[in-house]
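Asks: Sequence plus the predicted model coming up.
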Amino acid sequence: MYALGEIILVVIGILIALQINNWNEDRKRRAIEIKIYEEIFHELSEALFDIRDDLEDHYRNQRSNEIVTLVMLQKKAYNDTLRLHLALSTDDERLTITTSGFESLKSIGFDILTNDSIRRSITNLYQAILPSLKDRNMNFGLLWDINESTMPLLQQHLKVNPVINRNRGYQYLIKDYEAFLKDDLLLVKFQDTFAKRRSIIREYEYTAKVIENIMKAIQKELHILKSP
C-alpha cells in the first residue's frame with residue numbers, strides 16, 4: 001500500500017507538471033498570437049489610411065476627368081479652371097502596403113491563429129486581394145496609360161505659361177483651344193482613363209471594406225485573448 005501510494009503521488013506529480021507545462025506553452029502561444037494580431041492590425045490600419053487617402057485623390061481626379069470630357073464633348077467655352085482639371089485628370093496614385101506582419105505570421109506558422117475565420121480572411125487578403133490590387137495598379141494603372149498614350153496627345157496642345165505660380169510652379173496653357181476641342185483621339189483617351197479609374201476606385205473601395213471587417217474581427221479576438 002505504501003509503494004502504491006508513492007506511485008500514485010509520482011503519477012499525480014507528473015500530471016501536475018505536464019499541466020503546468022501545457023499551461024506555460026498555451027500562455028506563450030497566446031502571447032505570440034496576440035503579438036501577431038497586433039502587428040497585422042497596425043499594418044492594416046496604415047494600409048487603410050493609405051487606401052482612403054488614395055481614394056480621395058481618385059475621386060477628385062475622376063471629377064476633373066469628367067469635367068474635361070464634358071468640356072470637349074459639349075464644346076464649352078474656355079474657362080481658366082480647365083488647366084487645373086487637365087492636370088488633375090491625368091494625375092495618378094501609387095499604393096504601397098507593407099507586409100511585415102503577415103511575413104511574421106508565415107514564418108511562425110498560420111496555425112498560431114486559433115480563429116479559423118480570421119486566419120482565412122487574413123490569408124485571402126494578403127495572398128489574393130492585395131496582390132491583385134497592386135498588380136492592377138502597377139501594370140494596368142492610369143499612370144502607364146497616360147504616359148504611353150494620353151500625355152503625348154495632350155502635350156501637343158500645351159505650352160508653358162511664362163508666369164510662375166509660387167504655389168504650383170509653372171502652369172500650362174492651351175495653345176489652340178479650338179484645335180483642342182476637336183481632338184477626338186484625345187477625347188477617347190480621356191474617356192478611357194475615366195473608365196480605368198472607375199474600375200480602380202471600385203477595387204480600392206472593396207479592399208477598404210475587407211480590411212475594415214478584418215480589423216473589427218481582430219479587435220474582438222484580441223479582447224478575448226487578453227481576457228483573464
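Replies: Yep, it's here.
Asks: now the spatially most central residue of the chain, nearest residue through space, not along the chain?
Replies: Nearest to the mean C-alpha position of the chain, by Cα atoms, centre = their mean, lies Ile51 at 4.3 Å. Nearest non-adjacent residue to Ile51, counting by Cβ to Cβ, 6 or more residues apart in numbering: Ala208, 4.9 Å away. Where C-beta positions appear, they are placed from N, C-alpha and C, glycine not excepted.
Asks: Quick one: the helices in this protein, in order.
Replies: 2-74, 82-89, 100-108, 116-124, 130-139, 142-145, 151-155, 177-181, 184-226 (DSSP state H).
Asks: For Asn161, find the nearest of those helices.
Replies: Asn161 sits nearest to helix 82-89 of all the helices of the chain, at 8.3 Å, using Cβ to Cβ.
Asks: counting contacts, what elements does that closest one pack onto?
Replies: Contacts defined by 3 or more Cβ pairs under 8 Å, 6 or more residues apart in numbering; DSSP states H and E place helix 82-89 against helix 2-74, strand 172-174.
Asks: List the residues that contact Leu125.
Replies: With contacts defined as Cβ atoms under 8 Å, 6 or more residues apart in numbering, Leu125 is in contact with 210-211, 214.
Asks: how about these in JSON lines, adding neighbour count and pLDDT?
Replies: Listed next are the contacts of Leu125 as JSON lines, based on neighbours: other Cβ atoms under 10 Å; pLDDT from 0 to 100:
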{"residue": "Val210", "neighbour count": "17", "pLDDT": "97"}
{"residue": "Ile211", "neighbour count": "22", "pLDDT": "97"}
{"residue": "Ile214", "neighbour count": "19", "pLDDT": "97"}
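Asks: got those as CSV, with distance to Thr96 columns?
Replies: Converted to CSV, the contacts of Leu125 look like this (distance: Cβ to Cβ, whole Å):
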residue, distance to Thr96
Val210, 18
Ile211, 15
Ile214, 19
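Asks: for those, which one is nearest Pro228?
Replies: Once Cβ to Cβ is applied, the member of the contacts of Leu125 that ends up nearest Pro228 is Ile214, at 25.7 Å.
Asks: so the closest one makes contact with Ser121?
Replies: Yes. Ile214 lies in contact with Ser121 (Cβ atoms under 8 Å); the separation is 5.2 Å.
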